[in-house]
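# Return atomic coordinates for the entry below.
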Amino acid sequence: MLEQEGSPDHWPPLGLPAGSVRALMTLIVVAVVTQGIVRSQPVDPLWTETLLIALAWYFTARRFLALPPDLLVRLQQEGHIEQEHNPLYLPRHSIRVLIVVNFCGLAWWLQQEGRLQEPAAVSLLVMVAAVVFGSLIRGIAIRLGLRKQSRWSSRWGDLRALAVLGTVVAAAGMRLLMQENHPLPEIDRVALALMLFYFGAR
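A predicted model of the protein is given here:
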């Protein structure tokens with residue numbers, strides 16, 4: 001049985017465009033983490049982890065099928081595809097731009113204050129940059145047609161996956177084998193940054 005038009009199953013949360021609630025929550029988390037770094041206050045790891053999860057979703061979520069704009073408009077007009085509005089009625093990619101501008105501004109402010117080398121700032125900015133950079137590389141590759149399946153691209157993908165997976169396994173193994181009084185933060189940062197880059201690039 002077909003759903004009636006206007007069924008509650010099709011009502012977006014709060015009557016806002018799809019993705020608006022996620023956008024608001026993501027911007028709130030960005031604000032909390034940024035304020036903690038600026039004020040030199042310890043940021044609960046849960047906030048940072050939530051931020052990275054939100055960023056990984058934001059910078060890697062894509063349509064399952066990329067359609068040419070004119071075909072997409074025609075399919076929406078014919079009712080084959082539901083017409084989507086951008087989150088919060090903002091221009092396309094606005095939330096991503098706000099996130100990037102926020103962290104670029106944070107890095108600039110920390111540099112001006114002579115605090116860019118603080119461990120908490122370095123860890124956060126490296127992780128955010130890894131996600132964003134991976135996403136940019138993926139976007140460039142798609143536009144240049146480098147994502148088409150070929151023997152070269154498949155082998156490159158395999159090598160990249162092995163390198164990232166090997167680094168993460170090595171870091172995890174060292175973490176498990178070492179005593180608690182021998183932390184390995186640099187290896188952890190490299191491994192997790194590569195993993196986030198890989199997620200963004202996929």
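# Any idea how many residues pack against I37?
A count of neighbours around I37, defined by other Cβ atoms under 10 Å, yields 20. Heads up, the C-betas are built off the backbone N, CA and C, glycines and all.
# Quick check: next helix or strand after the helix or strand containing it?
Secondary structure from DSSP states H and E places I37 in helix 20-38. Next in sequence after helix 20-38, counting helices and strands by DSSP H and E, comes helix 45-60.
# Tell me how far that following helix lies from the chain's centre.
Taking Cα atoms, centre = their mean, to the nearest Å, one finds the center of helix 45-60 at 7 Å from the center of the full chain.
# Mind giving me the packing neighbours of that helix?
Here helix 45-60 touches helix 20-38, helix 94-112, helix 119-143, helix 185-201, going by 3 or more Cβ pairs under 8 Å, 6 or more residues apart in numbering; DSSP states H and E.
# Sort out which residues of that helix are buried, please.
Residues of helix 45-60 classed as buried by neighbour count (16 or more other Cβ atoms under 10 Å): T48, T50, L51, L52, A54, L55, A56, Y58, F59, T60.
# That helix vs helix 94-112, what angle?
Angle, helix 45-60 to helix 94-112, by axes from the mean of the first three to the mean of the last three Cα atoms, to 10 degrees: 130 degrees.
# residue contacts, the residue lying closest to L16 once chain neighbours are set aside?
Setting aside the residues directly before and after it, L16 is nearest to L88 in space (Cβ to Cβ, 6 or more residues apart in numbering), at 6.8 Å. The contact partners of L88, by Cβ atoms under 8 Å, 6 or more residues apart in numbering, come to L16, P17, S20, A23, L24, S94, I95.
# measure L176 to E186 for me?
For L176, the distance to E186 equals 17 Å [Cβ to Cβ, to the nearest Å].
# again, but for L165
Noted for L165: a distance of 19 Å to E186, by Cβ to Cβ.
# more crowded one of the two?
Shown here are L165 and E186; by other Cβ under 10 Å, L165 has more neighbours (14 against 9).
# Rebuild the contacts of L88 as TSV, extending it with neighbour count.
Below are these laid out as TSV (neighbours: other Cβ atoms under 10 Å):
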residue	neighbour count
L16	15
P17	17
S20	20
A23	22
L24	15
S94	14
I95	22
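# Export those residues as TSV, with columns for distance to A172 and pLDDT.
TSV is the format used below for the contacts of L88 (distance: Cβ to Cβ, whole Å; pLDDT from 0 to 100):
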residue	distance to A172	pLDDT
L16	40	77
P17	40	80
S20	37	81
A23	33	85
L24	34	88
S94	37	89
I95	32	89
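# Which two of these have the greatest separation?
Using Cβ to Cβ, the pair of those lying farthest apart is L16 and S94, separated by 14.0 Å.
# ok, back up a step: what about the helix holding I37, distance to the chain center?
On Cα atoms, centre = their mean, the centre of helix 20-38 falls 13 Å from that of its chain.
# for the residue nearest to L16, helix, strand, or coil?
At L88, secondary structure determined by DSSP: H, G, I helix; E, B strand; the rest coil is helix.
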